[in-house]
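Asks: only geometry, no sequence info:
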């Protein structure tokens, strides 16, 4: 079968690899759509320290069941559409034992610590699949990236009527925007890409602030009657945005860090105490977060469709990384449609 492989920094190739076979408890799926994530782009650019090359990328995956191995529940039938939960769980570390398997100490995410879904077929354990025959096939691959933002909002305990500032409007930030709005919160988006302004306003954010063209502190103070936001969600991953979250948050506020800073962050920690802040990390997503996104997209599929900026056919999959890298300011989600064009044609 065919797979797209990042062979070295800035280089992808289509390889022939062995077709996987399902073992006990496992399911073979035909991959239909794969979304590109920032971690995939970082791998391609040589900026992902968790990845060893060569690597098959892709952990935002929608597919169709082809075959099941022994000891798979009867509901997993050939032809059923599925969403892949791309994280592993050990079941024994402190996170798993506390019910927070999304933060498993020994997690191996598809496309990161192990080969991912940018291939004709994929074998996963049945407990890593969510059956769904309601969503359109491209939307199946949109669930995982949105779920990470939904999880950040859940970590922040966002309530109706609260003001939430979301730093960054990539797909994780967009997921946080949609989750916060769905809870009845008032949302302010901070984003440097002016091309995303109108779409964010159309989604329902109260204000769009570009830190390159306005004083964020002054504007947030004005929008919150000088109180500050109840919750700040950082989804950029820069030292300055990590610090700005602390400056912006209200007294007794909450901060959720879902961005991943690539260098050390230094703080004046006095505000931690003076404001008595709750500072929370957020990693991956739970099955409940996935299900919340599914419910949201089933109710509002047009929003999901509007977030898919470009879909590459499999024959052009090698162009997808350079395209996204060159169009990041106006792009929400780039996908590869795996069916056809040689990916499932007799491989």
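Replies: Ah, there it is. These numbers come from a predicted model, not from an experiment.
Asks: if I look at residue 250, how far off is residue 281?
Replies: In this structure, residue 250 and residue 281 are 20 Å apart, going by CB to CB, to the nearest Å. Using the backbone N, CA and C atoms, a C-beta is placed for each residue, glycine as well.
Asks: quick one: which of the two has more around it?
Replies: For the pair residue 250 and residue 281, the greater number of neighbours falls to residue 250 (20 against 11), based on other CB atoms under 10 Å.
Asks: Does that one belong to a helix, a strand or coil?
Replies: Secondary structure for residue 250, judged by DSSP: H, G, I helix; E, B strand; the rest coil, is coil.
Asks: Not including adjacent chain positions, what is the nearest residue to it?
Replies: residue 228 (3.4 Å; CB to CB, 6 or more residues apart in numbering).
Asks: tell me the contacts of the nearest residue to residue 245 once chain neighbours are set aside?
Replies: Nearest-residue entry for residue 245: residue 232, 4.3 Å, with adjacent residues in sequence omitted and distances by CB to CB, 6+ apart. Residue 232 sits next to 164-167, 245, 248-249, 253-256 when contact means CB atoms under 8 Å, 6 or more residues apart in numbering.
Asks: Tell me how far the nearest residue to residue 194 once chain neighbours are set aside lies from residue 258.
Replies: Nearest non-adjacent residue to residue 194, counting by CB to CB, 6+ apart: residue 210, 6.3 Å away. According to CB to CB, residue 210 stands 21 Å off from residue 258.
Asks: Pick out whichever of those two has more residues nearby.
Replies: Under the criterion of other CB under 10 Å, the comparison of residue 210 against residue 258 puts residue 258 first, with 28 against 16.
Asks: Wait, a strand at residue 28?
Replies: Yes: per three-state DSSP, residue 28 lies within a strand segment.
Asks: For it, give its distance to residue 75.
Replies: 16 Å.
Asks: The two - which one has more neighbours?
Replies: Comparing residue 28 with residue 75 by other CB under 10 Å, the one with more neighbours is residue 28, at 20 against 8.
Asks: Quick check: the residue nearest to residue 250 is in a strand.
Replies: No: using three-state DSSP, the assignment for residue 228 is coil, not a strand.
Asks: how many neighbours does it have?
Replies: Residues within reach of residue 228, counting by other CB under 10 Å, total 21.
Asks: Who are the contact partners of it?
Replies: Applying CB under 8 Å, 6+ apart, we find residue 228 in contact with 220-221, 248-251, 253.
Asks: residue boundaries of the strands in the stretch 1-150 of the chain?
Replies: 2-8, 11-16, 26-35, 60-68, 81-84, 121-125, 129-131 (DSSP state E, counting those that start in this stretch).
Asks: Reformat those strands into CSV and put distance to residue 145 and mean pLDDT next to each item.
Replies: Listed next are the strands of the stretch 1-150 of the chain as CSV, based on distance: least, CB to CB, whole Å; pLDDT from 0 to 100:
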stretch, distance to residue 145, mean pLDDT
strand 2-8, 19, 95
strand 11-16, 20, 94
strand 26-35, 6, 98
strand 60-68, 5, 98
strand 81-84, 12, 98
strand 121-125, 18, 97
strand 129-131, 15, 98
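Asks: Could you dump these into JSON lines and include distance to residue 183?
Replies: Output for the strands of the stretch 1-150 of the chain, formatted as JSON lines (distance: least, CB to CB, whole Å):
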{"stretch": "strand 2-8", "distance to residue 183": "37"}
{"stretch": "strand 11-16", "distance to residue 183": "39"}
{"stretch": "strand 26-35", "distance to residue 183": "24"}
{"stretch": "strand 60-68", "distance to residue 183": "24"}
{"stretch": "strand 81-84", "distance to residue 183": "22"}
{"stretch": "strand 121-125", "distance to residue 183": "31"}
{"stretch": "strand 129-131", "distance to residue 183": "22"}
